[in-house]
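In: mind looking at a prediction? Sequence and model below.
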Amino acid sequence: MAGEVPAAGALRRVSAAGCSGRGASYHGGMRPGETVRDVAGLWDVALPARAGRMAGVSMAGFRSRADRFVDMQVVPYPALTLFIDFGDGRLVDDAGSQWANGGVVGLVPGGVRGRGRSIDCLQVRLSPVVAYAAFGAGLDLSGAMVSLDALWGREAGRTQERLREAGSWEDRFAVAREVLERRSACRAVDPEVAFVWGQMVRCRGRVRVERLADEAGWSRKRLWSRFRDQVGLTPKRAAQLVRFDHAVHRLAEGQASALVAAEGGYADQSHLHREVRSFAGLTPTAAAAAQWLDVDDVAWARSRAGRGRAG
């Protein structure tokens, strides 16, 4: 799935085996001109033609291709995910609550699943540093789901309407950028919190919180309090999430769990097993096979390689 992205306007069909060829038009009623990839015959993925100005923000558009019902578990990720669906896609949790049209998935969503047959969805991943500014101090960033209406009030409806009226994926990306940049202009996390989060991402979660507190010039207690208020997790749990994300992607690439555990900062395979189950509710083997991870090397390759979620 990974590799060079086709030039804007080009359409490639990439099979699970890596073969490519010409296929039917993906764009439907939208103007061509986007960068589009197909993932294992299930998803068409549109990527922005240019990187945005906001660090810690990545965007992608998804449209389901297979004529079958999609039901996949959301795998926790060290960023919040804003989703706006223009088809019948929705997210549901273990309690039976459903979110259609739009919402934000927290850092540790628990038993949330994405479902639908005709999914046509814009996803924006924001580091918690950016999300605090974009969504407001009152949002519980660790929670499972929050509706866009609850976050942005009337502006949520206006934004969704603008996105629906957009003539191309590039237009949708531009609308999302404009709204996020405007809403992030008047609020920011403490520089110390941003520094600590950035160090966690740079070190792939293998950090000592006490040392980070010293480097930030804060006491451990103050860091713990301010970080939890602004990121949504304690520093220790946030570092574990970053470490989990790196480990689960290595597992999905087919690497042996013993190697992943040894090189990922885990005491042993049992430690890795417990942490994967703690975040995803799955065994390492099941997590590695999760459909939610299938698109990552295409849709989010730039943010993963460049650690763009650091903010």
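Out: On my side now, so go ahead.

In: which helix or strand contains the residue nearest to Trp152 when sequence neighbours are not counted?
Out: Closest residue to Trp152 apart from its sequence neighbours, by CB to CB, 6 or more residues apart in numbering: Thr159 at 6.9 Å. C-beta here means a position set from N, CA and C on the backbone, and glycine is covered the same way. Per DSSP states H and E: Thr159 is located in helix 154-165.

In: what's the angle from whichever helix or strand comes after that helix to helix 154-165?
Out: Downstream of helix 154-165, the first helix or strand assigned by DSSP H and E is helix 169-183. Using axes from the mean of the first three to the mean of the last three CA atoms, to 10 degrees, the inter-axis angle of helix 169-183 relative to helix 154-165 is 160 degrees.

In: ok, which stretches of the stretch 101-250 of the chain are strands?
Out: 102-105, 113-116, 120-126, 145-147 (DSSP state E, counting those that start in this stretch).

In: and among the ones you listed, the most buried is which?
Out: Compared across the strands of the stretch 101-250 of the chain, strand 102-105 shows the largest average neighbour count, a mean of 24 (mean count of other CB atoms under 10 Å).

In: on that earlier part again, which strands and helices sit next to the helix holding Thr159?
Out: Contacts defined by 3 or more CB pairs under 8 Å, 6 or more residues apart in numbering; DSSP states H and E place helix 154-165 against strand 80-85, helix 148-152, helix 169-183.

In: mind doing that once more with 6 Å?
Out: helix 169-183 (3 or more CB pairs under 6 Å, 6 or more residues apart in numbering; DSSP states H and E).

In: can you pull the buried residues of the helix it packs on?
Out: Buried residues in helix 169-183, counted by 16 or more other CB atoms under 10 Å: 169-173, 175-177, 179-180, 183.

In: and what of stretch 248-257?
Out: The neighbour-count check on stretch 248-257 (16+ other CB under 10 Å) flags 248-252, 257 as buried.

In: export these as CSV, with columns for distance to Ser97 and pLDDT.
Out: Output for the buried residues of stretch 248-257, formatted as CSV (distance: CB to CB, whole Å; pLDDT from 0 to 100):
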residue, distance to Ser97, pLDDT
Val248, 25, 95
His249, 28, 94
Arg250, 32, 94
Leu251, 30, 94
Ala252, 28, 92
Ser257, 33, 95
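
In: okay, the residues you listed in JSON lines with distance to Met200 next?
Out: Formatted as JSON lines, those follow (distance: CB to CB, whole Å):
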{"residue": "Val248", "distance to Met200": "16"}
{"residue": "His249", "distance to Met200": "16"}
{"residue": "Arg250", "distance to Met200": "17"}
{"residue": "Leu251", "distance to Met200": "20"}
{"residue": "Ala252", "distance to Met200": "21"}
{"residue": "Ser257", "distance to Met200": "23"}
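
In: picking up where we left off before, so the residue nearest to Trp152 sits against Val179, correct?
Out: Yes. Under the criterion of CB atoms under 6 Å, Thr159 makes contact with Val179 at 5.4 Å.

In: tell me who's in contact with Arg226.
Out: The neighbourhood of Arg226, defined by CB atoms under 6 Å, 6 or more residues apart in numbering, consists of 190, 193.

In: please repeat the previous calculation with a cut-off of 8 Å.
Out: 190, 192-193, 218 (CB atoms under 8 Å, 6 or more residues apart in numbering).

In: which of the buried residues of stretch 248-257 sits closest to Leu122?
Out: Comparing the buried residues of stretch 248-257 against Leu122 with CB to CB places His249 closest, at 22.8 Å.
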